[in-house]
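Asks: test case, fold it:
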Amino acid sequence: MFTFSLTLIRHGETQYNRDKLLQGQGVDTPLSGTGLQQGQAAGHYLQDITFNTVFVSNLQRAVQTAELILRNSTHCSGTEMILEPLLRERSFGIVEGRPKESLKNMANAAGQSCRDYTPPGGETLDQVKTRFKKFLSVLYNKLLEAHDWSGQEAAATLKDGEAYSAPCGFASDGLEGVSVHVLAVSHGAYIRVAMKHLIEDLKCSVPKGAKMSQVFSPCPNTGITRFILTLERSDSGPVLSAAQCVFVNRQDHLQDLEAVE
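Replies: Coordinates of the predicted model:
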């Protein structure tokens, strides 16, 4: 058995986010001034967590965010980022660079919800989910290669139905007894697909008292979500045996920024 934490973070704000324009994969914009502040604030919030492995979407808004987090870290300033195309945002095809209202109008015309609609040339939700499943496989094998699994973290393995309560908003919530920590910096639509796969398909437990409407709500810029995952060996490689979501879309680090704005 092998237990580790996975902290998922959406990139900081870009001007396209502020202007409600779709970016996807074809529009690769940098962080706005606010986005740079958000990334720095996230770094300060997470500064005392030693991330053993850092995966980052290779789009520049995610890379900039990860750089700011690592630069402000007490223990990870020299950690090498793994640029991972599997973490890129969902492709929105012909509507990239256009207002989100355009996607809504096209979805309405097709009789579908905006979140489920696939514009011409874009990725389906199943295609995005396939990318995330491939990322999990890459992650599991990376951990298998890098760490000794024999007797590791036996006390940290979650029991069926056990849920962490994280009322205080500490950056270390859920990490007691876990020594291996993974950071992944990605994008809003991608993270929502990842959440649905982990919770609906892989039966990951949700935080106590959380409503599904909250769990699957849009992730804000630099929103932080954390999972505690336990793997076990199998003939086909490492497989997930237990999963717990500690918190979803946390924004504690942004409170002072909002007050300034």
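Asks: residue ranges with poor pLDDT in the stretch 51-200 of the chain?
Replies: Applying pLDDT under 70 to the stretch 51-200 of the chain picks out residues 150-168.
Asks: try it again with 50
Replies: Scanning the stretch 51-200 of the chain for pLDDT under 50 picks out 153-167.
Asks: neighbours of the residue lying closest to residue 147 once chain neighbours are set aside, how many?
Replies: Take residue 147 and drop its neighbours on the chain: the residue closest to it by Cβ to Cβ, 6 or more residues apart in numbering is residue 180, 6.1 Å away. The C-beta positions use only the backbone N, C-alpha and C, and glycine is treated the same way. When neighbours are counted by other Cβ atoms under 10 Å, residue 180 registers 19.
Asks: any idea how far residue 7 is from residue 180?
Replies: 12 Å (Cβ to Cβ, to the nearest Å).
Asks: same question, residue 122
Replies: Counting by Cβ to Cβ, the gap from residue 122 to residue 7 is 28 Å.
Asks: more neighbours: which of those two?
Replies: The neighbour comparison of residue 122 against residue 7 (other Cβ under 10 Å) goes to residue 7, with 24 against 20.
Asks: list the contacts for residue 31?
Replies: 11-14, 38-39, 61, 64-65 (Cβ atoms under 8 Å, 6 or more residues apart in numbering).
Asks: now do 10 Å
Replies: Shown in contact with residue 31 (Cβ atoms under 10 Å, 6 or more residues apart in numbering): 11-15, 17, 37-39, 60-65, 67-68, 221-222.
Asks: got it, and residue 45?
Replies: 69, 72, 169-171, 222, 224, 250-254.
Asks: buried among these? Need that as a selection in PyMOL.
Replies: Restricted to buried positions by 16 or more other Cβ atoms under 10 Å, the PyMOL selection for those reads:
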select buried, resi 69+72+171+222+224+250+251+253+254
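Asks: in JSON lines: the contacts of residue 45, plus secondary structure and distance to residue 26.
Replies: Listed next are those as JSON lines, based on DSSP: H, G, I helix; E, B strand; the rest coil; distance: Cβ to Cβ, whole Å:
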{"residue": "69", "secondary structure": "helix", "distance to residue 26": "25"}
{"residue": "72", "secondary structure": "coil", "distance to residue 26": "30"}
{"residue": "169", "secondary structure": "coil", "distance to residue 26": "36"}
{"residue": "170", "secondary structure": "coil", "distance to residue 26": "39"}
{"residue": "171", "secondary structure": "coil", "distance to residue 26": "34"}
{"residue": "222", "secondary structure": "coil", "distance to residue 26": "23"}
{"residue": "224", "secondary structure": "strand", "distance to residue 26": "27"}
{"residue": "250", "secondary structure": "strand", "distance to residue 26": "30"}
{"residue": "251", "secondary structure": "coil", "distance to residue 26": "28"}
{"residue": "252", "secondary structure": "helix", "distance to residue 26": "33"}
{"residue": "253", "secondary structure": "helix", "distance to residue 26": "30"}
{"residue": "254", "secondary structure": "helix", "distance to residue 26": "28"}
